[in-house]
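[1] Could you look at this predicted model? Sequence included:
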Amino acid sequence: MRAPSLTCVHREGLSFLTDQALEREHGILIAFTQRGGGCSRAPYGSLNLAAHVGDDPVAVDENRARLMQSLDIEGLRSRLTTCEQVHGRTIRFVSGATAGLGAFARHDGPPPVPGTDALVTVETLTPIMLLYADCVPVVLVATGPRRGAAVVHAGWRGALASLAGKAALKLASEAGCETRDLIAYVGPHIGPCHYEVDAERLSQFIEAFGTIAAAQGRLDLGAVVSESLSEVGVPLENVVRAGVCTAERTDEFYSYRAEGVTGRHCALAVILEPWR
Ligand SMILES: [Zn+2]
């Protein structure tokens, strides 16, 4: 298999990181969005995709529609599936029956999947989307013969609980493959350069993951997430990291630590159809 990669694509006024070869060769579309090109006002400017941060739901739904259009999946707007993220350890499977939960920010739509920080699916035409401002976004894909995808939200609690590794095990089991066959994309998140934590928390991580958890005395969540994937058998060469610090790049991404009240960018994955 060719080496997975992330590149920035600009389309219809929006920008996102994606792996175009993955879409071309395996019919799986993934995206980590940037914050430009939306209609939300400050402090949510401008492509805020989250319904829970105090932004106008009408603006959020318009932003989600623009995103779907930019990704060329506008026909799947009502199947977009989101979850209520709680910094917990719950991983849920999205079936055809649960597709579309939380698709709309407006209050009369079906609510998102409750209390969940990772979604896994093998269902085609069912975009799964999680939301971030500093926490680590992880997209996992199984390229076949049975295709599958997972999106994980790993803040420090999720990283410490190896949520990405656990989601990899779940995805491999649902897709009927080995974890060594999975590809993992680690999107933009707060880097060790901007992530000071107290000594007690840092030592918790070093105890669990070794010294790779710390970079210059600060917590390196991306290294921890990569290690949690490696521990369950995902080869390091199958793990692609965006290598962007959200707190440093608030022009392109949202950062809770740098901005306080702000919007959320997303990680999204969808298995396209028909395929081969
Ligand atoms: Zn930084």
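    Received, thanks.

[2] which parts of the protein sit against the ion?
    191, 193-194, 245, 247-248 (CB under 5 Å from the ion). (C-beta placed from N, C-alpha, C; glycine too.)

[3] Three-state assignment for Cys8, please.
    With DSSP: H, G, I helix; E, B strand; the rest coil as the basis, Cys8 sits in strand.

[4] how much space is there between the closest residue to it other than its chain neighbours and the ion?
    Nearest non-adjacent residue to Cys8, counting by CB to CB, 6 or more residues apart in numbering: Leu17, 5.5 Å away. Leu17 sits at a distance of 17 Å from the ion (criterion: CB to the ion, to the nearest Å).

[5] Is Leu17 in contact with His10, as I believe?
    No. Taking CB atoms under 8 Å as the definition, Leu17 is not a contact partner of His10, at 11.0 Å.

[6] between the two, which one's more packed in?
    Leu17 (22 against 12; other CB atoms under 10 Å).

[7] partner residues bridging the more buried one?
    For Leu17, the beta-bridge partners under DSSP bridges are Cys8, Phe32.

[8] What's the separation between it and Thr126?
    21 Å (CB to CB, to the nearest Å).

[9] Over to Phe209?
    In terms of CB to CB, Phe209 sits 33 Å off from Thr126.

[10] what does Gly148 give?
    From Gly148 to Thr126 the distance is 11 Å (CB to CB).

[11] Settle it for me: which of these two has more neighbours?
    The neighbour comparison of Gly148 against Thr126 (other CB under 10 Å) goes to Gly148, with 26 against 23.

[12] A strand includes that one, no?
    Yes. Per three-state DSSP, Gly148 lies within a strand segment.

[13] right, and it touches Val122 too?
    Yes. Using CB under 8 Å, Gly148 is in contact with Val122, at 4.3 Å.

[14] which residues are in contact with both of the two?
    142, 174-175, 271 (CB atoms under 8 Å, 6 or more residues apart in numbering).

[15] Return the subset of these lying in strands.
    Members of the shared contacts of Gly148 and Val122 lying in strands (criterion: DSSP state E): 142, 271.

[16] Identify the contacts common to Gly148 and Thr126.
    Contacts common to Gly148 and Thr126, judged by CB under 8 Å, 6+ apart, are Ile271.

[17] What residue in the stretch 1-150 of the chain comes nearest to the ion?
    Closest contact between the stretch 1-150 of the chain and the ion, by CB to the ion, is at Asp134 (9.9 Å).

[18] contacting residues for that residue?
    Counting by CB under 8 Å, 6+ apart, Asp134 has contacts 155, 189-190, 246-247, 254-257.

[19] for those, which one is nearest the ion?
    For these, the nearest to the ion is Ala247 (4.8 Å; CB to the ion).

[20] What's the local residue count around the closest one?
    There are 20 residues near Ala247, going by other CB under 10 Å.

[21] Could I get the contacting residues of it?
    134, 190-191, 193-195, 255, 257-258.

[22] hmm, 10 Å instead?
    133-134, 189-191, 193-195, 253-259 (CB atoms under 10 Å, 6 or more residues apart in numbering).

[23] of the residues you listed, buried ones?
    133-134, 189-191, 195, 253-256, 258 (16 or more other CB atoms under 10 Å).

[24] coming back round to it: so of the contacts of Asp134, which ones are in helices?
    256-257 (DSSP state H).

[25] which of the residues of the chain next to the ion lies closest to Phe32?
    Ranked by distance to Phe32 (CB to CB), these are led by Cys245 at 13.6 Å.

[26] Show the low-confidence segments of the stretch 51-200 of the chain, by residue range.
    Within the stretch 51-200 of the chain, no range satisfies pLDDT under 70.

[27] Please compute how far the helix or strand containing Gly158 lies from its chain's middle.
    Assigned by DSSP states H and E, Gly158 falls within helix 156-160. Taking CA atoms, centre = their mean, to the nearest Å, one finds helix 156-160 lying 15 Å from the centre of the chain it belongs to.

[28] Thank you, goodbye.
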